[in-house]
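Enquirer: got a predicted structure plus its sequence, pasted below:
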Amino acid sequence: MSADQLVRPGKTGVLGRVAGLAGGRGGLDRRFLPVVGTLVVFTLMLVGGGSRYENFLSGRVVSNLFINNSHLIVLAVGLTFVIITGGIDLSVGAVVALSGILGASLLQSGWPATVVIPLIIVVGSVLGLVVGVMIHVFDVQPFIATLAAMFLARGLSYVISLSSITITDPTIVWLSSTRIPLGETWSLTPSVIIALLVVAVGFYVLHHTRFGRTVYAIGGAEQSATLMGLPVARTKVLVYVISGTCAGIGGFLFAVGSRSGYSLTGVGMELDAIAAVVIGGTILTGGSGFVLGSVFGVLILGLIQTIITFEGTLSSWWTRIVIGALLLAFVILQRVLVVRRH
Amino acid sequence: MQLVRHRLFWPLVALVALLVANTINTPSFMSVRVQDGHLFGALIDIMRNSAPLLLVALGMTLVIATRGIDLSVGAVVAISGAVALSFIGSSPNPEALSTVLVAVGIALALCFVLGVWNGFLVSVLGIQPIIATLVLMTAGRGIAMLITEGQITTITSPAYRVIGSGFWLGLPVSILIAGGIFALVAVLTRRTALGMLIEAVGINPEASRLAGVQSRSIVWTVYAMTGLFAGIAGLMISSNVMAADANNAGLFIELDAILAVVIGGTSLAGGKFSLGGTLIGAFIIQTLTLTVTILGISPSVTPLFKAIVVIAVVLMQAPVVRRTMASRRPQGPRPAAVESKPVEVAA
């Protein structure tokens, strides 16, 4: 991530002043500080876990971290775009359920996987488009528009089926059972490869395209972006399409991982994804954040779960409390570090 | 014409339409009968089931009026029930009135503290409300699980049952509690300057601070009250089933409450709020839920209907739609009034 790629329009003066203030840190751009915090926490957790438990730093544990969270990684990438524009998307968990159950029921009735897989991803994009239009054309707040989409997607998935549908399609079974060994203990699954591809595409689009810079510009100051002649309307709708598409892909990966579709999956998953994005250093007011930061945010959530499993004596509900505490720490860190807008 | 433009007109139409549809479907729907000196009937059910939602939505209205939002109310509901029931369950004398009173006191005090915590994050540290309350929303259910030790605590104390399913003067106690608090808040905000100060903070925090409004304490108070109201709602919900379920008690109540507020015409952008609108919004949501059940549709499909209602209501309130509708109206002798009125309502 080179700094010059991400300079927001109209902020040079402020940033220059801040860079002066942050001189003690060797001229490190202040926008990277939350991400540096993320990396520090991630490293500390790895080192702490590794010194406390045997086999913690094994290839199997780290591989599983990616395998178990591949869907969440994809969701977090999509949400990063939305949150950088200053919006929010509450519908991703419900869209995961919708595309999973839709895919499972279509496969059950004999549709070929080559049609079903693109279809369930497009369902996510279409929902994202509807949300984007509601937000932009009808001036509905992102919170309410995506809340409506959440109810819509959840309701539709209940209409499709109330019970869990097992997937027996050979393509999905192959995707879910294949392990690609890397060296002795490391391994990859097709889901992880898909997730990493999404990360790569997200990284390229956000940090290396004109569209990506417009996303940052909208989050920095929407009015200025409009006055500069940037395509604000198109970009604002597109970020929700991106998030919806990512939710569709996430639903597909989740269905592959569980080899089933169930209308109750993904309850609260949007909160995990938002928490991952925030812990990954993206500022909720918009204008600042990185795709790779969100990936590390997801990995930190996964590590919390792994550590609690390794600890053995701690009950599973500590996961939520630790995530909450970490979220608080990062929010306060952001508050202290972030460039004040006014 | 004047009536149609009233901001509670469309929500009221929706509520009446739902009630009429139900009466056509089941002619006995509107009837209220007296049994053992208590009132029974679908209408009473709707009111009783809306009591917790109404309390949560009441706090949410005030929070939203200050440009905030409180996502943690569902978690606070779970914590409140967990604390009260764990205390009663582990006390040596679970049937006694004093035990129940102490349990209620402890639960409400804790919920008030949680509200104060949210208010501290928002008003003193200046963290965005949505993320500040997300912290407690995420951690809260874990805390409730910690209190109940992962179990679903159940009790049999008759005194505690009164809060959720008791009757007083023929009316369910939960309706009386929610109605009393609603009236109190309405008087406090509409008969004193408090309501205007809250709206001032919501419309422009900086300007109201410069004008001498103590925005920080107002915002802080509003979050604290929301925590307290959510705590009372949690007592009602847990008393209704006499169990504290840390995972499912008050699940999605924050979303329903926000929905009720939005249906009631209070803008999420802060400023003007309508307590009457919130009341109607809460009734609409509860009637909708009951209608789905009566029609024999699986209750799980309710979200779909909620989605349709939200989309319909927010689109009706959308500036684009309002402008189009205003321009379609025949231009009367005073076109200026026709032009300006919808804008004022939309704000």
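Expert: Structure received.
Enquirer: would you mark the buried spots in the helix ranked longest in chain B?
Expert: Once chain B is assigned using DSSP state H, the helix that runs over the most residues is helix B:215-241. Residues B:215-216, B:218-240 are the ones in helix B:215-241 that count as buried (16 or more other CB atoms under 10 Å in any protein chain shown). Heads up, the C-betas are built off the backbone N, CA and C, glycines and all.
Enquirer: after that helix, next one along is what?
Expert: Downstream of helix B:215-241, the next assigned helix or strand under DSSP states H and E is strand B:243-244.
Enquirer: gap between the next helix or strand after that next one and the chain center?
Expert: Sequence-wise, the next helix or strand downstream of strand B:243-244 (DSSP H and E) is helix B:253-263. The offset between the C-alpha centroid of helix B:253-263 and the centroid of the whole chain comes to 7 Å, using CA atoms, centre = their mean, to the nearest Å.
Enquirer: what's downstream of helix B:253-263, the next helix or strand?
Expert: In the C-terminal direction, the helix or strand that comes right after helix B:253-263 (DSSP H and E) is helix B:275-294.
Enquirer: just checking, what packs against that next one?
Expert: Applying 3 or more CB pairs under 8 Å, 6 or more residues apart in numbering or on different chains; DSSP states H and E, one finds that helix B:275-294 makes contact with helix B:9-25, helix B:42-65, helix B:173-190, helix B:253-263, helix B:302-317.
Enquirer: next secondary structure after the first one?
Expert: The element immediately downstream of helix B:9-25 (helix or strand, assigned by DSSP H and E) is strand B:33-35.
Enquirer: could you give me the average pLDDT of that following strand?
Expert: Confidence for strand B:33-35, expressed as mean pLDDT, is 76.
Enquirer: partner strands of it and their direction?
Expert: Applying DSSP bridges to the sheet, strand B:33-35 is found paired with strand B:38-40 (antiparallel).
Enquirer: and the partner strand, which residues are buried?
Expert: Neighbour-count burial for strand B:38-40, counted by 16+ other CB under 10 Å, picks out B:39-40.
Enquirer: need the contact partners of it.
Expert: Contacts of strand B:38-40 from elsewhere in the structure, counted by CB atoms under 8 Å, 6 or more residues apart in numbering or on different chains, are B:32-34, B:167, B:170-172.
Enquirer: got the residues of the stretch 201-347 of chain B near chain A?
Expert: If contact is defined as CB under 8 Å from any CB of the partner chain, the residues of the stretch 201-347 of chain B in contact with chain A are B:246, B:255, B:258-259, B:262, B:268-269, B:298, B:300-308, B:310-311, B:314-315, B:318-321.
Enquirer: now, of those, which are buried?
Expert: B:246, B:255, B:258-259, B:262, B:268, B:300-307, B:310-311, B:314, B:318, B:321.
Enquirer: for the stretch 1-150 of chain A, which residues are neighbours of chain B?
Expert: Taking CB under 8 Å from any CB as the criterion, the stretch 1-150 of chain A approaches chain B at residues A:88, A:134, A:137-141, A:143-145, A:147-150.
Enquirer: for the residues you listed, which one is nearest B:L279?
Expert: Distance to B:L279, by CB to CB, is smallest for A:I144 among these, at 19.5 Å.
Enquirer: on that earlier part again, any idea which of the helices and strands packed on helix B:275-294 scores lowest on pLDDT?
Expert: Comparing mean pLDDT across these, the weakest is helix B:302-317, with a mean of 81.
Enquirer: please state the offset of the following helix or strand past that helix from the chain centre?
Expert: For helix B:302-317, the succeeding helix or strand toward the C-terminus, using DSSP H and E, is helix B:319-328. Counting by CA atoms, centre = their mean, helix B:319-328 is centred 30 Å from the centre of its parent chain.
Enquirer: same check, this time on stretch B:154-161
Expert: Here stretch B:154-161 shows a centroid-to-chain-centroid distance of 25 Å under the convention CA atoms, centre = their mean.
Enquirer: for stretch A:109-121, same thing?
Expert: With CA atoms, centre = their mean as the basis, stretch A:109-121 stands 24 Å off its chain's centre.
Enquirer: can I get that stretch as CSV, trimmed to CA atoms?
Expert: Taking only C-alpha atoms (Å, rounded to 0.1, in the frame of the first residue of the first chain), the coordinates of stretch A:109-121 have been written out as CSV:
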residue,chain,number,x,y,z
SER,A,109,-34.6,-29.5,-7.7
GLY,A,110,-31.9,-30.5,-10.2
TRP,A,111,-30.5,-27.2,-11.5
PRO,A,112,-26.9,-27.5,-12.7
ALA,A,113,-24.2,-26.0,-10.4
THR,A,114,-22.8,-23.9,-13.2
VAL,A,115,-26.1,-22.0,-13.4
VAL,A,116,-26.9,-21.9,-9.7
ILE,A,117,-23.5,-20.5,-8.5
PRO,A,118,-23.5,-17.4,-10.7
LEU,A,119,-27.3,-16.9,-10.0
ILE,A,120,-27.0,-16.8,-6.2
ILE,A,121,-24.1,-14.3,-6.4
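Enquirer: which strands and helices lie in contact with the helix or strand hosting A:A76?
Expert: Using DSSP H and E, A:A76 falls within helix A:59-84. Helices and strands in packing contact with helix A:59-84 are listed as helix A:92-108, strand A:186-188, helix A:190-208, helix A:210-220, helix A:232-258, helix A:269-279, helix A:291-311; criterion 3+ CB pairs under 8 Å, 6+ apart.
Enquirer: looking at those, which is closest to B:L290?
Expert: Using CB to CB as the criterion, the shortest distance between B:L290 and the helices and strands packed on helix A:59-84 is 23.2 Å, found for helix A:92-108.
Enquirer: after that closest one comes which helix or strand?
Expert: Toward the C-terminal end, the helix or strand that comes next after helix A:92-108 (DSSP H and E) is helix A:113-136.
Enquirer: list the buried ones in that following helix?
Expert: Residues of helix A:113-136 classed as buried: A:113, A:116-117, A:120-121, A:123-125, A:127-136 (neighbour count, 16+ other CB under 10 Å).
Enquirer: tell me the contacts of B:G81?
Expert: Shown in contact with B:G81 (CB under 8 Å, 6+ apart): B:107, B:144, B:234-235, B:237-238, B:244-245, B:249-250.
Enquirer: surely A:L253 touches A:L72?
Expert: No: when contacts are counted by CB atoms under 8 Å, A:L253 is not listed as touching A:L72 (9.1 Å).
Enquirer: these two: who's more crowded?
Expert: Neighbours per residue, other CB atoms under 10 Å in any protein chain shown: of A:L253 and A:L72, the larger number sits with A:L253, 29 against 26.
Enquirer: how much space separates the more buried one from chain B?
Expert: 23 Å (CB to the nearest CB, to the nearest Å).
Enquirer: quick check: which ranges of the chain have low pLDDT?
Expert: If you meant another chain, say so; for now it's chain A. Within chain A, the stretches with pLDDT under 70 are A:1-30, A:337-342.
Enquirer: you looked at the wrong chain, it should be chain B
Expert: Within chain B, the stretches with pLDDT under 70 are B:1-5, B:328-347.
Enquirer: need the residue closest to the centroid of it.
Expert: Residue closest to the average C-alpha location in chain B (CA atoms, centre = their mean): B:A57, at 1.6 Å.
Enquirer: name the residue of the stretch 51-200 of chain B that lies nearest to chain A.
Expert: B:A139 (2.5 Å; CB to the nearest CB).
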